[in-house]
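S.K.: structure for this input, please:
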Amino acid sequence: MAAPTRAATEADAVDGVQPELVVEPTTVEEASEVLRGATAEGKRVVCRGGGSKLGWGNRPAAADLLLSTARLDRVLEHAHGDLIARAEAGVRLDAFQEVLAKAEQTLALDPPEEGATLGGVVATNASGPLRLRYGTARDLLIGITVVLADGTIARSGGKVVKNVAGYDLGKLFTGSFGTLGLIAELTFRLHPRATTRTGAALELDSPERACEAAQTVVHSQLVPAALELQWPEAPAGGRLLLVVEAPRGGVTEQARDAVRLLEPYGHAELIEPGAADTVMEGYGARPWQRIDSDGPVLGAKAACVPTELSGAIQDLWAAAGANGLTASLRAHAGVGVTYAALRGGEPAAMVAAFEEARERLGKRGGSLVALQAPEEFKERVDVWGPVGDAAGLMRRVKERFDPEGTMSPGRFVGGI
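M.R.: Modelled structure (predicted):
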């Protein structure tokens, strides 16, 4: 049986690259037939889940077919006694969480992009504030089914957390941006769902104090679920938000301990459990999601060792200011990942600011990747940046899994 197919519209374009057709397989076997045929005919394929991160990465060199996982949307198994669940890649993350919540369980992934699917979250290794405590998709994924460009269906892992048989395809495909094959099914390790949440908020006057406070928390006996730094604009003050949560209460005392721990660095206050949801609403959003701007906005992700967080913030501010831009920042302060929204200028100014920030960060061992960016920006800048000696290995992996270059050509590091 052939997979449902329709003509692509302008709404299906990927970074301005217009596909001819959209194919929506309903089974893994149909997806296998689609990819086998596409490769045989020399067609180029881009995979799409909810489309919430389809603009991340380089522009594809070509996109003849858009392979949608919209019809691969079934939750296949939930072994709540084992804290394991298996689902198809097109299942929306929010819908998946609703299913798990019936058993008081959750998948501890919280990327803020609305409409994100499980396959898209894994393909981009997207994460949110909860990564501090639970890790990223790479840490929670224990089994995967993929379809390669030649139609081969491959499975790795299983339904046991400590399954160590064979190569770990899950880790290889996590963050691969659809360049190795289609992610079709996923098996995750779950956690008990938190029903009580509270925390502490710290008002700050400098990135240095923010970094010192974050390091104090990380090296304390507290076990926060998240530690988020919000800095809407320099030189105005910032805010550090510490979140503690648990399945059944017992978190208020931890929050009080957090307040005492943070008080030396600024004005710290307790977030009462009854007010936690209101205070924390949207605390994990990317900064560009909170900007109402008529002009272009560049969304970037900086990464460094956590002890260099204050330096990374200063680098982003300095590069933005030198080119007439403003920078809104949000950071996972405990892990050294900062998201920045640069705005207030033309794409040429964004290019200059981005390249300057990337150079500055590189000198402290950090990196800078452009996530959301205008087409004019992507025409002039490699959104990924240099990866050193790893580039050769990545190319050999790509050639082994997709020798004809069928899957998302050009989107990944080094134009892979």
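
S.K.: show me where pLDDT drops low in this protein?
M.R.: Residue ranges of the chain with pLDDT under 70: 1, 159-166, 293.

S.K.: can you tell me the centre-most residue of it?
M.R.: Ala126 (1.6 Å; Cα atoms, centre = their mean).

S.K.: Leu93 is in contact with that one, correct?
M.R.: No: checked against Cβ atoms under 8 Å, the pair Ala126 and Leu93 is beyond contact range at 9.4 Å. In short, each C-beta sits where N, CA and C put it, glycine included.

S.K.: any residues in contact with both of those two?
M.R.: 109, 111, 116 (Cβ atoms under 8 Å, 6 or more residues apart in numbering).

S.K.: can I get the residues you listed in JSON lines including neighbour count?
M.R.: Putting those into JSON lines (neighbours: other Cβ atoms under 10 Å) gives the following:
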{"residue": "Leu109", "neighbour count": "25"}
{"residue": "Pro111", "neighbour count": "23"}
{"residue": "Ala116", "neighbour count": "22"}
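
S.K.: list just the nearest of those to His219.
M.R.: Ranked by distance to His219 (Cβ to Cβ), these are led by Leu109 at 25.5 Å.

S.K.: can you give me the strands for the stretch 251-400 of the chain?
M.R.: With DSSP state E, counting those that start in this stretch, the ranges of strands along the stretch 251-400 of the chain come out as 267-271, 297-303, 326-332, 337-343, 367-372.

S.K.: the stretch 101-250 of the chain too?
M.R.: Under DSSP E, counting those that start in this stretch, the stretch 101-250 of the chain gives strands at 105-106, 141-147, 153-157, 182-189, 191-192, 196-204, 226-231, 238-246.

S.K.: so which of those gets nearest Glu77?
M.R.: strand 182-189 (8.1 Å).

S.K.: got the CA positions of that closest one in PDB?
M.R.: Extracted in PDB, the C-alpha atoms of strand 182-189 (Å, rounded to 0.1, in the frame of the first residue of the first chain):
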ATOM      1  CA  LEU A 182      14.200   8.600   9.600                       C
ATOM      2  CA  ILE A 183      13.600   8.100  13.300                       C
ATOM      3  CA  ALA A 184      10.400   6.000  13.400                       C
ATOM      4  CA  GLU A 185       9.900   4.600  16.900                       C
ATOM      5  CA  LEU A 186      11.400   5.500  20.300                       C
ATOM      6  CA  THR A 187      11.500   3.900  23.700                       C
ATOM      7  CA  PHE A 188      12.100   6.100  26.700                       C
ATOM      8  CA  ARG A 189      13.000   5.800  30.400                       C
END
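
S.K.: off-centre distance for it?
M.R.: 16 Å (Cα atoms, centre = their mean, to the nearest Å).

S.K.: before we move on, what about stretch 409-416?
M.R.: Its chain's average C-alpha position is 18 Å from that of stretch 409-416, according to Cα atoms, centre = their mean.

S.K.: ok so, going back, quick check: closest non-adjacent residue to the residue nearest to the centre of the chain.
M.R.: Of all residues beyond its chain neighbours, the one nearest Ala126 is Pro111 (3.8 Å), with distances taken as Cβ to Cβ, 6 or more residues apart in numbering.

S.K.: make sure the one you found is actually in contact with Gly128.
M.R.: Yes: using Cβ under 8 Å, Pro111 is in contact with Gly128, at 4.9 Å.

S.K.: surely Leu148 is in contact with Thr39?
M.R.: No: under the criterion of Cβ under 8 Å, Leu148 makes no contact with Thr39, lying 9.0 Å away.
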